[in-house]
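[1] this one's structure only:
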């Protein structure tokens, strides 16, 4: 048996062991906070929803929505239904409320479950509120009609009694004089303008794919940094890995699971650029900082960017300005881009493409800097040997 196993001189000091244990507990707390905080604090705020109707209708609905929604919905006026649908397809709005021209015309609530099922569910609640308002308006009109009919009957009765008392023949209303009284039935329609695909009816596929995408990018960056010697070779390996990963992941998500829709080539390019942006960041930091660059890249992407990516919830659900900040990192930009490419071809995707490209190119440029550093060190090492010769 090794004698040092029982020699106190070779044991870790208790104070140091305590410090390591406390430090690790803090690390766990930070990790838990990073992943749980966005979900725990998530609350809808100013979710853009279109509305179409007359001035009086808009004022009434806006007052009711502001009272019931408590700031969760921000109503945006549109001229007609077509304009509201176009805004939804551009992702300028998550849905819309189309008010009827009169009390007997059924209102319509437009949703887009492909944008986010949670917001679509929220708009279902708005449809319920609108239905309650319509029912109350119809009830008021019915009560007013009944009161008017009662008043008319009382007036006719008084006139008939007065005629009898005067010895005159009372004027009785004709049998067909009273118009039939009907209670209108108005039901609010809910239309899903941009529904999810049948292969991903609940929208869980895109949300679930976000974390493996981040993990794959980090794993590639870490392994390439450790296994590939030479910055130039790492640069080449990152490009190859990104292209191959985009094709493979797109094949799984689109061709196999049917989670992604639209163009396979564009989806593969987006996925490859997303994986490459994360991997290149890690390899670039490794080239600039050495070994500490690996955990630095992992912390930025896994503990900061990933929880703020809004992959499972709308950006408007995150506390401001964290939702917007999350979209400036590869996980958030990739999630938005893939959703737009699959379901919203009319949306402006220049922002997400730019974010991914900047991170990818930035990581590659950092690796290029590492190449020049290696060349400079190599020349410095050769110079003394030449001088001695």
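    It's in. What you see is a predicted model, and the numbers here were worked out from it, not measured in a lab. Numbering: from 1, shown residues only.

[2] could you give the number of residues near residue 264?
    Applying other C-beta atoms under 10 Å, we find 15 residues neighbouring residue 264. Backbone N, C-alpha and C define where each C-beta goes, glycine included.

[3] now do the buried residues in stretch 246-255.
    Buried residues in stretch 246-255, counting neighbours by 16 or more other C-beta atoms under 10 Å, are found at 246-247, 249-250, 253-254.

[4] those residues in helices, which ones?
    Within these, residues falling in helices by DSSP state H are 246-247, 249-250.

[5] tell me which of those residues is nearest to residue 261?
    Residue 261 has its nearest neighbour among those in residue 250, at 11.6 Å by C-beta to C-beta.

[6] the nearest residue to that closest one once chain neighbours are set aside: which element?
    Counting by C-beta to C-beta, 6 or more residues apart in numbering, residue 250 lies nearest to residue 268, which is 3.8 Å off, once chain neighbours are set aside. Per DSSP states H and E, residue 268 falls inside helix 264-289.

[7] quick one: mean pLDDT for that helix?
    The average pLDDT within helix 264-289 is 96.

[8] give the next helix or strand downstream of it.
    helix 293-298.

[9] got the buried residues for the helix or strand following that following helix?
    As assigned by DSSP H and E, the chain's next helix or strand after helix 293-298 is helix 322-326. Within helix 322-326, the residues that qualify as buried are 322-323, 326, counting by 16+ other C-beta under 10 Å.

[10] ok, these vs residue 107, which is closest?
    Closest approach to residue 107 among those (C-beta to C-beta): residue 323, at 30.2 Å.

[11] please tell me how far that closest one sits from residue 313.
    Counting by C-beta to C-beta, to the nearest Å, the gap from residue 323 to residue 313 is 9 Å.

[12] ditto for residue 244
    31 Å.

[13] what does residue 330 give?
    18 Å.

[14] more neighbours: which of these two?
    Using other C-beta under 10 Å as the criterion, residue 330 and residue 313 rank with residue 330 on top: 32 against 20.

[15] relative to residue 250, how far out is the residue most central in space within the chain?
    Nearest to the mean C-alpha position of the chain, by C-alpha atoms, centre = their mean, lies residue 314 at 2.8 Å. To residue 250, residue 314 is 24 Å away according to C-beta to C-beta.

[16] kindly report the same for residue 341.
    11 Å.

[17] now for the two: what residues contact both?
    Contact criterion C-beta atoms under 8 Å, 6 or more residues apart in numbering; residues shared by residue 341 and residue 250: 260, 267.

[18] show me where this structure has its strands.
    47-52, 73-77, 96-98, 108-111, 189-192 (DSSP state E).

[19] closest one to residue 288 among those strands?
    strand 47-52 (40.4 Å).

[20] domain-wise, how is this protein divided?
    Domain assignment for the chain by automatic domain parsing gives 47-192, 199-383.

[21] save the ones you listed as TSV, and put in distance to residue 35 too.
    Converted to TSV, the domains of the chain look like this (distance: least, C-beta to C-beta, whole Å):
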stretch	distance to residue 35
domain 47-192	18
domain 199-383	5
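
[22] ok, of those, where does mean pLDDT dip lowest?
    Mean pLDDT is lowest for domain 47-192 among the domains of the chain, at a mean of 77.
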